[in-house]
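**Q** Just a sequence and a predicted model for now, questions to come.
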Amino acid sequence: MKQSVLLAKDAPHIRDNSSTQRIMLDVIIALCPAAVASAIIFGPRALLVIGVTTFASVAFEYLYCYFMKKENPVGDLSAAVTGILLAFNLPSTIPLWIAVLGSFVSIVIVKQLFGGLGRNFANPAIVGRIVLAVSFAGRMTAYAYPKFDGGVDALASATPLVATQHADLPLLQLFLGAHGGVLGETCAAALILGGIYLVVRRVITPTIPLAYLGTVAVISLLAGQEPLVQLLSGGLMLGAIFMATDYATSPYTLTGKLVYGLGLGIITCGIRFWATSAEGVSYAILLMNLLVPYINRHTLQKPLGGGKKK
Amino acid sequence: MKNVFKRAAKGAHVPHHKNTQNSTTVDMPVPAKILLPMQQHIGAAVVPVVKEGDQVFVGTVVGQSESPLSAPIHSSVSGTVTALGEAKMPNGTKVAAVEITSDGKQTLDPSIAPPQVNDYDSFIAAVRASGLVGLGGAGFPTSMKLKLKDLSMVDTLIVNAAECEPYLTADNREIMENSDAILAGIHAVQKWMGIKNVIIGIERNKPEAMDKLFDLIKGEQGIKVKPLPAVYPQGAEKVLIEVCTGREVPRRGLPLNVGCIVMNVSSIAFLADYLRTGMPLISRRLTVDGDCIAKPQNVRALIGTPIDDVLAFCGGTKGDLGEVITGGPMMGVLIEDTSFPILKQNNGVLALPRNEVLLPEVQPCIHCGRCIDCCPVGLSPCVIAAGVDANDPQEVDRLQVDTCMECGCCTYVCPAKRPVTETMRRAKVLQKKAKKGARGK
């Protein structure tokens, strides 16, 4: 990182060694297992999609800031994180120009037009996914289906969620991700591994993922669905661990995070069980993102000695 | 215990750097000249009561004030007053200062004798005459702290031995070298103020001192030692009170509002020494450390000794010196001019290398919430900062920024390297302006 020549004049005179860049790097590291899993499950084209969206995201971020005469923020790696997450939300069969368009929506429209890093109102990758999903519904659901006896069946095939009565899919297969879906969401094992890394590195607290997954499990039970199948299907793991925990679009405090996770779980289940759309994770995250300022306002911590009103 | 739903208050895991933990205090030689600024405490500056050319002795009063929120200042050397002028304080303000050239003899002022204490009023008078201020760093006049309208307001004395700032070991050495005085000081406060409960709070990163204190209080009634987690800032007054007693000092309130008095461990030991000998506050223990100090150690320096002398005594500075500060690295004060003297409330002199104190490039807030999690008094610094950006006095008031004690945790943990603590100071100014405006209408 570039350092200025000014010395610390005001206390404190020392800082810890954390940095935005290091946090983003940790997220990228945490995404690696799922990226590797996607290449194994869907073949090398998955890596191509990841590479294209990542490159496009970084390039759009650079170009936007260049033309707007803003400081070049590419070094903080946040655009790369958005790019990888966006790719994780696309099927491996996606035409590359659509992937690039998604990067444009995520970086330029959702992130930079609202002020850049930390000022986006919603998770850029989620909005990118939603925009592409409503614009190119067919291509966004052209899920490849892995066939381990050779190659990938590129024909559209139902994800476990779409094939609602598919519950015959073994849990282990669900857990390892050997089923259809967008490229980063299927392998729950790899996503959980990344999540554990983030918690150990103290990049995130487990509050939001646990509250989210817990709520989904409870509502599934009440609705007569198989909780484990619900937890391991669709974009839930990816959303709960990597998308819902985005700093700028999630609440600050423990209470806020619990409320947020609860809301995510309720909306996700509501869409999955009682709406026409098979999957509700991305809409749940977008809707809750919009509520975060209100959640924050009402769940801030109580300052010492200021709890009571006079 | 702690309600995590109410307040995270995790503090900051600052490095300890207690390198001088086992360094026995060394007396510094008498300096050729001392400079005594007339403000070495919170409150009103005192007025010089000596003239140029006056002969003074060790312990002669050189500055006095009628204001109850002040403490007299005594000469720490014998010699001649060579100048009455102004000193530029580290914060930029100018105060009157007395320069005394030492004759090297250290003749005691004839008036020095153990004070006659036989009731509460004479006890307070003695504390005031001693010139004692809080030695932990804040410098609040002790006589003011102990002077109560109604003694039944207080039931607990908390002795602050947390010493949570990195590097500093002066209080630790006080415990190791002067423990009898600590006990005597506690007894004196207990006796004259009728306080039954005493809690000594000490961070766990000082196991030897902790053992010493446990030995010290064996057989004592009502005195407890409370080991504290080694997380900054356990020694902050309101935090310490909550950890030790479970009581929450109300907003804008004082420890007295919850029946507590908090005194630094070195202050309490000094009090006992003063009651025994009558020698006012003319010297103090300092930790001299930091990567740029050739010989880090604890020294006892006379108040008014130039910081240059202290640095020279410790072998001078080495390496790429970034800055010299008095106090700890979290709340200490930058000293631009090292000819400035040691003040009563200084507990350390640190020389930090350039690479440790360089201001990193400030990046946008990513709303990670680390400043909120670590804030020991439960504020929401990044939300307050947004209020400052919006120039919204009502918002910063609603968020109770006045509770901020500027401990520095938020700046320390910020991954975007934002000067959050500095922003909190600006928020307080904004809040005060709003108050003034409201009154004016």
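**A** Ah, there it is. Given the structure is predicted, the values throughout are model-derived calculations rather than measurements.

**Q** C-alpha only now, for contacts and for neighbours.
**A** Noted.

**Q** residue ranges of the strands in the stretch 101-250 of chain B, please?
**A** B:156-160, B:197-203, B:223-228 (DSSP state E, counting those that start in this stretch).

**Q** Including distance to residue A:261, could those go into a markdown table?
**A** Formatted as a markdown table, the strands of the stretch 101-250 of chain B follow (distance: least, Cα to Cα, whole Å):
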| stretch | distance to residue A:261 |
| --- | --- |
| strand B:156-160 | 41 |
| strand B:197-203 | 37 |
| strand B:223-228 | 34 |
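
**Q** I'd like to know which of those strands is closest to residue B:283.
**A** Nearest to residue B:283 among these is strand B:156-160 (20.0 Å), distances taken as Cα to Cα.

**Q** The closest residue to residue B:249 other than its chain neighbours: what's it in contact with?
**A** Nearest residue to residue B:249, sequence neighbours excluded (Cα to Cα, 6 or more residues apart in numbering or on different chains): residue A:305, at 5.2 Å. Residue A:305 makes contacts with B:248-251, as judged by Cα atoms under 8 Å, 6 or more residues apart in numbering or on different chains.

**Q** Nearest to residue B:105 among the residues you listed?
**A** Within the contacts of residue A:305, proximity to residue B:105 (Cα to Cα) peaks at residue B:249, which comes in at 48.1 Å.

**Q** right, and the closest one touches residue A:304 too?
**A** Yes. Counting by Cα atoms under 8 Å, residue A:304 is a contact partner of residue B:249 at 7.3 Å.

**Q** which one of the contacts of residue A:305 sits closest to residue B:188?
**A** Distances from residue B:188 to the contacts of residue A:305, taken by Cα to Cα, are shortest for residue B:249, at 25.3 Å.

**Q** Pretty sure residue A:268 sits in a helix.
**A** Yes. Assessed by DSSP: H, G, I helix; E, B strand; the rest coil, residue A:268 belongs to a helix.

**Q** Was I right to think it contacts residue A:284?
**A** Yes. Counting by Cα under 8 Å, residue A:284 is a contact partner of residue A:268 at 5.5 Å.

**Q** Give the full set of residues in contact with the most centrally placed residue in chain A.
**A** Taking Cα atoms, centre = their mean as the criterion, residue A:243 is the residue nearest the geometric centre of chain A, at 2.4 Å. Contacts for residue A:243 (Cα under 8 Å, 6+ apart) come out as A:85, A:123, A:125-126, A:285.

**Q** picking up where we left off before, looking at the contacts of residue A:305, which is nearest residue A:295?
**A** For the contacts of residue A:305, the nearest to residue A:295 is residue B:251 (24.5 Å; Cα to Cα).

**Q** And the helices in the chain?
**A** If you meant another chain, say so; for now it's chain A. In chain A, the helices defined using DSSP state H lie at A:20-42, A:45-67, A:78-88, A:96-104, A:124-135, A:137-140, A:171-176, A:188-200, A:207-222, A:227-232, A:236-238, A:254-274, A:281-299.

**Q** um, chain B though
**A** For chain B, the helices defined by DSSP H occupy B:120-129, B:142-146, B:170-177, B:179-193, B:207-216, B:237-245, B:265-277, B:307-313, B:354-357, B:370-374, B:381-389, B:393-398, B:409-413, B:420-440.

**Q** In the stretch 151-300 of chain A, where is pLDDT below threshold?
**A** A:151-169 (pLDDT under 70).

**Q** residues in it within reach of chain B, list them.
**A** A:247-248, A:252-255, A:300 (Cα under 8 Å from any Cα of the partner chain).

**Q** so which of those is the most crowded?
**A** Of all those, the highest neighbour tally under other Cα atoms under 10 Å in any protein chain shown goes to residue A:252, namely 28 neighbours.

**Q** hang on, the earlier thing: got the contacts of residue A:243 as a markdown table, with neighbour count columns?
**A** As requested, these are exported to a markdown table (neighbours: other Cα atoms under 10 Å in any protein chain shown):
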| residue | neighbour count |
| --- | --- |
| A:85 | 28 |
| A:123 | 25 |
| A:125 | 27 |
| A:126 | 26 |
| A:285 | 29 |
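
**Q** Indicate the residue of the stretch 51-200 of chain A located nearest to chain B.
**A** Among the residues of the stretch 51-200 of chain A, residue A:118 lies nearest to chain B; the distance is 4.2 Å by Cα to the nearest Cα.

**Q** The closest residue to that residue other than its chain neighbours - how many residues pack around it?
**A** The spatial neighbour of residue A:118 that comes closest, neighbours along the chain excluded (Cα to Cα, 6+ apart), is residue B:366 at 4.2 Å. For residue B:366, the neighbour count with other Cα under 10 Å is 20.

**Q** Can you name the residue of the stretch 151-300 of chain B nearest to chain A?
**A** Closest contact between the stretch 151-300 of chain B and chain A, by Cα to the nearest Cα, is at residue B:250 (3.9 Å).

**Q** Relative to residue B:408, how far out is that residue?
**A** Separation of residue B:250 from residue B:408 (Cα to Cα, to the nearest Å): 21 Å.

**Q** Next: residue A:21.
**A** 22 Å.

**Q** Also residue B:29?
**A** Taking Cα to Cα, one finds residue B:29 at 35 Å from residue B:408.

**Q** repeat for residue B:80
**A** On the measure of Cα to Cα, residue B:80 and residue B:408 end up 42 Å apart.

**Q** Which one of those two is surrounded by more residues?
**A** For residue B:80 versus residue B:408, neighbours defined as other Cα under 10 Å are more numerous around residue B:408 (29 against 19).

**Q** Give the burial count for the spatially closest residue to that one that is not a sequence neighbour, as a bare number.
**A** Among residues not flanking residue B:408 along the chain, residue A:12 sits closest, at 5.1 Å (Cα to Cα, 6+ apart). Residue A:12 is flanked by 26 other residues according to other Cα under 10 Å.

**Q** for residue A:40, same thing?
**A** Residues within reach of residue A:40, counting by other Cα under 10 Å, total 15.

**Q** cool, and residue B:236?
**A** Neighbour tally, residue B:236, other Cα under 10 Å: 18.

**Q** any idea how far it is from residue A:181?
**A** Residue B:236 sits 54 Å away from residue A:181, going by Cα to Cα.

**Q** now do residue A:286
**A** For residue A:286, the distance to residue A:181 - Cα to Cα - is 20 Å.
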